[in-house]
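K.L.:
Could you work out the structure for the sequence below:
(2 chains)
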Amino acid sequence: MRRFFTLLHREVSHYLHQPLAYVVLFFFLLLTGFNFQAGVAALNRETGQTSIVEAFFNTVLFWFPFVLIFPLLTMRLFSEEYKMGTIETLMTAPVRDGQVVLAKFFGAFIFYLVLWAPSVLYFVIFQWVTGQNAAGAIGSYLGAYSMIILIGLFYLSIGCLASALTQNQIVAAVMAFALICMMFFVSLLSFLFLNASPALRELTYYFSTIEHMADYSRGIFDTRPVVFYLSMTAFTLFLTFHIFQYRRWKT
Amino acid sequence: MIKVENLTKRYGSVTAVDGIAFEVGKGEIMGFLGPNGAGKSTTMRMLACYLPPTSGRAEVAGCDVFSDSLRAREHIGYMPENVPLPQDMRVSEYLRFRAALKGVPGRRIKERLSDVYDLCGLGEVERKMIGALSKGYRQRVGLADAMIHEPELLILDEPTIGLDPNQIRQVRELIKNLRSHHTILLSTHILSEVEMTCSRVIIINKGRIEALDTPENLRARLSAGGEATLEIRVSDPAATAAKLKAVSGVKNCSHQRLGEWTRFTMKIEGDPRESLHALAVAEKWPVRELARKGATLEQVFVEVTHAEEG
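P.N.:
Next up is the predicted model:
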């Protein structure tokens, strides 16, 4: 366990020591800040049914930077170690392959949480300045942020998988982006086939990230997405572990 | 300390290491010698538990490198070829990370760090970023990393490659000083290095062990056949060469004119210098040089690794 935390500490500090992380952080906050401002502006023009929390987590302006950050956060995880050869010193230390995969994954996850943490301030400031509630109920916050965590786990694991496949960071980023987009665009199927049978709509709900977020940010809790994201994360990490092991043994 | 039995590694259809077997005792410095692509690095990677062998087995400190890999790794300090290091960490930070990773208890890390700083001369760069270090320092950081957890066995893959002569000497001294605490397996192309530091040598070629012996014995194998040179002033070199060849112990003789002097180079067996001297005195040849050169490890190396190709 101590080795796992040593590795985790190394991974997190690796993020914090690199300029890329701060560039991502800066632009991510810029875009989400803009998104938040746009939501507030829209609600200023006309009164509507939606709360600011719902408006924030359900726009194109939210989803677009959202899917982009995962490849950027995960592309170097394994690729860099392959390229630099440091994988050799790492794996000749007495650590298990699984520990390395999990440490890298959770290292990325911790930085992902750091990325999101400032956004909480938006709502705090909103309430402080306007004196109004940003959400209908506390469940809205909990729902939206737990969905951020669940989707984050799954998409970060996809990024890990892509990075474990290649020693080229760009290739890893492109692969991760393509895979995440594929998963994400399943959400759009229900918008494309409006007159699909109810059975099909029911089925696409299982995969529809956009609908999950729509429900959760309204404070509606459903166990199906929880099971979906956690099991997909576990499965993708399992694949990553095997690819990582296979790549090393092959060369 | 190391026990290797019938170890084989294939990459697809290419056999990199082909059924090698050897043992290294505690406290030995074993040199691993061979041309590029002979299988040195592959063997070392297998011993360091980085690559699984295709067949055969290897044991380090009583732990199988494949089935008991984690325990085996605790006994090994491995420095890979070209010393891969992260660029974005400070030397002290990196070594602290490595020490914790290799299971050095927290309260001992500080003490271990200052020990390896002293041993490897890293004191003055401890705060520097690894990316900004010179090649020589990087090499030392790699070495410090390899021994930070006081392993019984050090596996060093070409520890002196790319260093300048002064640095090579320093690293060599360092390795010699480590002899008392560690068993060392090191690979190199530099033959003089092996002669100076190693207690035994393995010469490997095309994945097979061609020779395994002490440097002295390997040399003795050849120094039965060494070389002698004689520089004298004679008028008829061809006739003289014939006379020299008649001396027992001289196998063949070639000559080269250097102005009025002639240099005779002879392949010899044993040591015929005394008879050569006696002959020169008897013939009244003015002599300005008579010398014998024993075989160097280099000759052994060339002979052993070319024998098959020839």
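K.L.:
going forward, measure contacts and count neighbours with C-alpha atoms only.
P.N.:
Fine.
K.L.:
which bits of the stretch 1-150 of chain B sit near chain A?
P.N.:
Neighbours of chain A within the stretch 1-150 of chain B, by Cα under 8 Å from any Cα of the partner chain: B:11, B:48-52, B:69-71, B:73-74, B:78-80, B:84-86, B:88, B:97, B:100-103.
K.L.:
Quick one: buried ones out of these?
P.N.:
Among those, the ones that count as buried by 16 or more other Cα atoms under 10 Å in any protein chain shown are B:48-52, B:69-71, B:73-74, B:78-80, B:84-86, B:97, B:100-103.
K.L.:
Among those, which ones are in strands?
P.N.:
B:78, B:79 (DSSP state E).
K.L.:
Can you tell me which of the buried ones among the residues of the stretch 1-150 of chain B next to chain A end up in helices?
P.N.:
Those of these mapping onto helices are B:69, B:70, B:71, B:73, B:74, B:97, B:100, B:101, per DSSP state H.
K.L.:
Nearest residue to the fifth one in space, please, no chain neighbours.
P.N.:
Across the structure, with Cα to Cα, 6 or more residues apart in numbering or on different chains as the measure, the residue nearest residue B:74 apart from its sequence neighbours is residue A:94 (5.9 Å).
K.L.:
Assign that neighbour to helix, strand or coil.
P.N.:
At residue A:94 the chain is in coil, as set by DSSP: H, G, I helix; E, B strand; the rest coil.
K.L.:
and it, how many neighbours?
P.N.:
For residue A:94, the number of neighbouring residues by other Cα atoms under 10 Å in any protein chain shown comes to 20.
K.L.:
Then residue A:104?
P.N.:
Residue A:104 has 24 neighbours, counted by other Cα under 10 Å.
K.L.:
Now do the contacts for it.
P.N.:
Residues near residue A:104 by Cα atoms under 8 Å, 6 or more residues apart in numbering or on different chains: A:7, A:8, A:11, A:77, A:160.
K.L.:
Now for the third one: which residues touch it?
P.N.:
When the contact criterion is Cα under 8 Å, 6+ apart, the partners of residue A:11 are A:103, A:104, A:107, A:108.
K.L.:
wait, which of those residues is closest to chain B?
P.N.:
residue A:103 (12.4 Å; Cα to the nearest Cα).
K.L.:
Average pLDDT for the helix or strand that contains the closest one, rounded please.
P.N.:
Using DSSP states H and E, residue A:103 maps to helix A:97-130. Average pLDDT, helix A:97-130: 92.
K.L.:
remind me which residues of the stretch 201-310 of chain B are low pLDDT?
P.N.:
In the predicted model, the stretch 201-310 of chain B carries pLDDT under 70 at residues B:221-225, B:294-297, B:299, B:307-310.
K.L.:
Same question for chain A.
P.N.:
Looking at chain A by pLDDT under 70, you get A:250-251.
K.L.:
Next up, the contacts around the residue nearest the centre of it.
P.N.:
Nearest residue to the geometric centre of chain A (Cα atoms, centre = their mean): residue A:152, 2.5 Å. Counting by Cα under 8 Å, 6+ apart, residue A:152 touches A:109, A:112.
K.L.:
contacting residues for the nearest residue to residue A:55 once chain neighbours are set aside?
P.N.:
Distances taken as Cα to Cα, 6+ apart put residue A:39 closest to residue A:55, at 5.7 Å, once the chain neighbours are dropped. Residue A:39 makes contacts with A:52, A:55, A:56, as judged by Cα under 8 Å, 6+ apart.
K.L.:
Could you measure from residue A:39 over to chain B?
P.N.:
40 Å (Cα to the nearest Cα, to the nearest Å).
K.L.:
what helix or strand is that residue on?
P.N.:
helix A:19-45.
K.L.:
Let me know the angle separating that helix from helix A:97-130.
P.N.:
40 degrees (axes from the mean of the first three to the mean of the last three Cα atoms, to 10 degrees).
K.L.:
hang on, the earlier thing: which single one of the ones in helices among the buried ones among the residues of the stretch 1-150 of chain B next to chain A is nearest to residue B:40?
P.N.:
Proximity of these to residue B:40 (Cα to Cα) peaks at residue B:73, which lies at 18.9 Å.
K.L.:
Backbone dihedrals for the closest residue to the closest one other than its chain neighbours, please?
P.N.:
Of all residues not flanking residue B:73 in the chain, residue A:94 sits nearest, at 5.2 Å (Cα to Cα, 6+ apart). Dihedral pair for residue A:94: phi -70, psi 70, per degrees, to the nearest 10.
K.L.:
need the contact list for residue A:94.
P.N.:
Residue A:94 neighbours (Cα under 8 Å, 6+ apart): B:69, B:70, B:71, B:73, B:74, B:101, B:102.
K.L.:
and the residue nearest the centre of chain B, what pLDDT?
P.N.:
Geometric centre of chain B, nearest residue: residue B:194, 3.5 Å, by Cα atoms, centre = their mean. According to the prediction, residue B:194 has pLDDT 80.
K.L.:
do you know how far the closest residue in space to it that isn't next to it in sequence is from chain A?
P.N.:
Excluding its sequence neighbours, the residue lying closest to residue B:194 (Cα to Cα, 6+ apart) is residue B:31, at 5.9 Å. Distance of residue B:31 to chain A, computed by Cα to the nearest Cα: 21 Å.
K.L.:
my guess is residue B:31 contacts residue B:186, does it?
P.N.:
Yes: at 5.2 Å, residue B:31 counts as touching residue B:186 under the criterion of Cα atoms under 8 Å.
K.L.:
and the residue nearest to residue B:194, what helix or strand is that in?
P.N.:
strand B:29-33.
K.L.:
what's that strand packed up against?
P.N.:
strand B:183-188, helix B:191-197, strand B:200-205 (3 or more Cα pairs under 8 Å, 6 or more residues apart in numbering or on different chains; DSSP states H and E).
K.L.:
Please work out which of those is packed deepest.
P.N.:
strand B:183-188 (a mean of 24; mean count of other Cα atoms under 10 Å in any protein chain shown).
K.L.:
where's that strand relative to the chain centroid, distance-wise?
P.N.:
Centroid displacement of strand B:183-188 relative to its chain, using Cα atoms, centre = their mean, to the nearest Å, is 7 Å.
K.L.:
Please apply the same query to stretch B:149-162.
P.N.:
12 Å.
K.L.:
I'd like to know which of the contacts of residue A:39 are part of helices.
P.N.:
Short answer: the contacts of residue A:39 in helices (DSSP H) are A:52, A:55, A:56.
K.L.:
Now do the contacts for the spatially closest residue to the first one that is not a sequence neighbour.
P.N.:
So the one you mean is residue A:52. Closest residue in space to residue A:52, ignoring its immediate chain neighbours: residue A:134 at 5.3 Å, by Cα to Cα, 6+ apart. Residue A:134 makes contact with A:51, A:52, A:53, A:123, A:126, A:127 under the criterion Cα under 8 Å, 6+ apart.
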